[in-house]
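> Prediction below, plus the sequence it came from.
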Amino acid sequence: MKSCAIVATHHKTGTVWMSSTFQRICKVRKIRFCRIDRSEPVEKMDYSVPTVFFSFHSNFDGFPELQSNKYPVFHLIRDPRDVLISGMYYHRKAKEKWLFDSKIEFGTMGYQEKLNSFATERDRLQFELDNSTTKTTSAMLRWNYSQSRSFECKYENLIQDSEGELFAKACIHLGFGPRELVRCKGGFLRNSIFAKKPRLKGKITHVRSGHAQQWRSVFDKTLAKSFEERFPGGLVKLGYEKDASWIEQLPDTNERLDEMTP
């Protein structure tokens, strides 16, 4: 690798998976790995070559050099309906600091406490939809998908990449050389969620389910209409639906969503 490159993901779209994978690749290849935190813009960033810049939120505000179309990008998204489900279950038990910060809009409760205060899955999913999922999905919808420098990839395709061929194409786009691809594919396959023994050093424990289309067994028309009202046409723009007819394929009600659960 003879240049800088950017890896951009979103919350609950395989961020830990990709971060661990690229950190391992960079360590083996002696390439600098730099995490970009959107909350801490740096005026004098070190852009020495080679470097892989990684953003968990695909947000490069404060880093004009990374917005200059100068560097190749690998951008990963996921079906927002599965982001909603994955995020809700994750946020109920996760230990991330922001989940415990008191919020005036939550009656001084933290995000996790407020989420867990709801008695039904429907109410918890609606809360998640109104908050974290809205931020994540809005970020995916704001992304410029027409830029030639970006290798666009869906999480759903990557989890089926059992031979590492799709990931290798992404690495070629980022500038990894032919001799480096063996290491890239090896690191991807060892860290993959479909591997028999993922080498994520315990980080994989936050994954409840890596399967695609979890929403089909959870959503009913009521939840689906709420989702579509918040992001009209969003699933079409992201390439997950051709129109809103997916809603009519769902049951009128998923009774399990309204059961009282701890």
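Cool, got the structure.
> The stretch 51-200 of the chain: helices as residue ranges?
Assigned by DSSP state H, counting those that start in this stretch, the stretch 51-200 of the chain shows helices spanning 80-93, 111-116, 121-130, 132-142, 155-158, 165-174, 178-191.
> helices or strands next to the fifth one in the packing?
Contact analysis of helix 155-158 by 3 or more CB pairs under 8 Å, 6 or more residues apart in numbering; DSSP states H and E lists strand 73-77, helix 165-174 as its packing neighbours. Every residue, glycine included, has its C-beta placed from N, CA and C.
> Please apply the same query to the third one.
Packed against helix 121-130 by the contact rule (3+ CB pairs under 8 Å, 6+ apart) you find helix 80-93, helix 111-116, helix 221-230.
> One more pass at 10 Å, please.
Counting by 3 or more CB pairs under 10 Å, 6 or more residues apart in numbering; DSSP states H and E, the packing neighbours recorded for helix 121-130 are helix 80-93, helix 111-116, helix 132-142, helix 221-230.
> got the angle for it vs helix 80-93?
Interaxial angle of helix 121-130 relative to helix 80-93 (axes from the mean of the first three to the mean of the last three CA atoms, to 10 degrees): 110 degrees.
> And for the fourth one?
For helix 132-142 and helix 80-93, the angle between their directions (the same axes, to 10 degrees) works out to 140 degrees.
> Could I get the buried residue list for helix 132-142?
Across helix 132-142, burial judged by 16 or more other CB atoms under 10 Å covers 132-133, 136-137, 139-141.
> And N116, how far from M109?
Using CB to CB, to the nearest Å, we find N116 at a distance of 9 Å from M109.
> Next up, the contacts around M45.
By CB atoms under 10 Å, 6 or more residues apart in numbering, the contact set of M45 is 34, 36, 51, 53, 62-66.
> ok, so of those, who is nearest N157?
Distance to N157, by CB to CB, is smallest for F53 among the contacts of M45, at 23.0 Å.
> The closest one and S86: what is the separation?
In terms of CB to CB, F53 sits 25 Å off from S86.
> neighbour count winner among the two?
More neighbours surround S86 than the other of F53 and S86, with 25 against 22 (other CB atoms under 10 Å).
> The more buried one reaches A94, doesn't it?
No. Here S86 lies out of contact with A94, judged by CB atoms under 10 Å, at a distance of 11.2 Å.
> what number of residues lie near G234?
Neighbours of G234 under the rule other CB under 10 Å: 17.
> If we ignore the residues flanking it in sequence, what's nearest it?
The shortest distance from G234 to any non-neighbouring residue, by CB to CB, 6 or more residues apart in numbering, is to L141 (5.6 Å).
> Flag the shaky bits of the chain, pLDDT-wise.
For the chain, the stretches flagged by pLDDT under 70 are 38-44, 194-210.
> picking up where we left off before, how about the helices and strands packed on helix 121-130 in a markdown table, adding distance to H11?
Output for the helices and strands packed on helix 121-130, formatted as a markdown table (distance: least, CB to CB, whole Å):
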| stretch | distance to H11 |
| --- | --- |
| helix 80-93 | 7 |
| helix 111-116 | 13 |
| helix 132-142 | 5 |
| helix 221-230 | 17 |
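> State the number of residues packed around the nearest residue to E65 once chain neighbours are set aside.
With sequence-adjacent residues excluded and distances taken as CB to CB, 6+ apart, E65 is closest to Y47, at 5.9 Å. Y47 has 14 neighbours, counted by other CB under 10 Å.
> Buried residues in stretch 114-127, which are they?
Buried residues in stretch 114-127, counted by 16+ other CB under 10 Å: 114-116, 121-122, 124-127.
> ok, so of those, who is nearest S217?
Distances from S217 to the buried residues of stretch 114-127, taken as CB to CB, are shortest for E121 (12.0 Å).
> mind checking how far the closest one is from L235?
E121 is 21 Å from L235, where distance means CB to CB.
> Next up, the contacts around H75.
Contacts for H75 were tallied using CB under 10 Å, 6+ apart; they are 6-10, 13, 55, 58, 140, 143-145, 147, 149-153, 170.
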